[in-house]
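A.B. asks: everything below, folded, please.
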Amino acid sequence: MEARSLIFGFSSPSLHTQKPNITFLPALLPASTQSTTQSPKWVPLKPQFFLIPRISWAKKVSSIRAVESKSLHTHEIESSVDTQKKKKFAVFVSGGGSNFKAIHKATLQGSIQGEVVVLVTNKIDCGGAKYARDGGVPVILFPKPKNTDEGMSPEDLVAALRKYKVDFILLAGYLKLIPPALIQAYPRSILNIHPSLLPAFGGKGYYGRKVHKAVIASGARYSGPTIHYVDEEYDTGRILAQAVVPVLANDSADDLAARVLNEEHKLYVQVAAALCEERVVWREDGVPLIQSKDNPNLYL
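C.D. replies: Modelled structure (predicted):
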């Protein structure tokens, strides 16, 4: 935001006989805001007076231009710093990686102020890994397959993610249990998306089409994706966000899966954007919430 410099000057009669002539200038300073989501306001503080020599109009213009030039240069530096502060994601996939693709495209389009710096997979030839390689995203094989030297150990994986300066880990259809070493290295920084409204229809064995078949068989009238933090069990971490999808009377598992997946893509992009904008807050009882971008007093 462009800030205007306000300067009010007056001469002091008692000092007119002295050389050089001087002018009193009260300084207006910016007041800090309480929240980074509020628009900065410029308000005058208690005037502070400085003695400066009177200068000619030509010199004043030259000085103003120099200040403006310096201000523009400072703005360029600040913009560069903001760019460098983009959050870095590692995405984990086991299959086609449609959620990974949605997140990656959103980072390229600017709706997520972050970047996917590495993809981790347990299936090196899966669709998500191919998409990553085609897009220039490094691919890591984890866990290490049996009877092979390929892939990484948990300790090696943590070291690799540190090397890429990863801020958040997003599981997007990754079917392996996350090892304790990784959870301890990234506390409150690993999220997973599940295709049902947890805690219903979650846990070991509940993934993909199996979830949707179970939802329909139960007679539940609603389903939808859940994004939750990852702990050392399947689907038991704190819930961060959910979206509701109706279960229709004649739905097949594939019908419901397609409807839920569409909401998954939207929800994961929204959550990733909130992470980058630091709008995730934790309630005193340990429940994570997402602040509204338009009103920080509202939560999603």
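A.B. asks: centre of the chain to stretch 156-163, how far?
C.D. replies: Centroid separation between stretch 156-163 and its chain, computed with CA atoms, centre = their mean, to the nearest Å, is 20 Å.
A.B. asks: give me the mean pLDDT for it.
C.D. replies: For stretch 156-163, the mean pLDDT works out to 97.
A.B. asks: how much space between the nearest residue to Arg221 once chain neighbours are set aside and Ile193?
C.D. replies: Using CB to CB, 6 or more residues apart in numbering and skipping residues adjacent in sequence, the residue nearest Arg221 is Val247, 5.6 Å away. Yep, even glycine has a C-beta here, placed from its N, CA and C like the rest. Distance, Val247 to Ile193, by CB to CB, to the nearest Å: 19 Å.
A.B. asks: ok, Leu170 next?
C.D. replies: Plainly put, Leu170 is 8 Å away from Ile193 if you go by CB to CB.
A.B. asks: next: Pro138.
C.D. replies: 22 Å.
A.B. asks: higher neighbour count, the two?
C.D. replies: Between Pro138 and Ile193, counting by other CB atoms under 10 Å, Ile193 is the more crowded of the two (20 against 14).
A.B. asks: dihedrals phi and psi, the more buried one?
C.D. replies: With angles defined as degrees, to the nearest 10, Ile193 sits at phi -110, psi 130.
A.B. asks: now do the strands in the stretch 101-250 of the chain.
C.D. replies: Assigned by DSSP state E, counting those that start in this stretch, the strands in the stretch 101-250 of the chain fall at 114-121, 139-141, 168-171, 190-194, 222-223, 226-229, 239-242, 245-246.
A.B. asks: out of these, which is closest to Ile178?
C.D. replies: Proximity to Ile178 (CB to CB) singles out strand 190-194 among the strands of the stretch 101-250 of the chain, at 6.5 Å.
A.B. asks: how about the closest residue to Gln270 other than its chain neighbours, what does it touch?
C.D. replies: Ranked by CB to CB, 6+ apart and with sequence neighbours excluded, the top spatial neighbour of Gln270 is Ala241, at 7.2 Å. Going by CB atoms under 8 Å, 6 or more residues apart in numbering, Ala241 touches 226-227, 267, 270-271, 290, 300.
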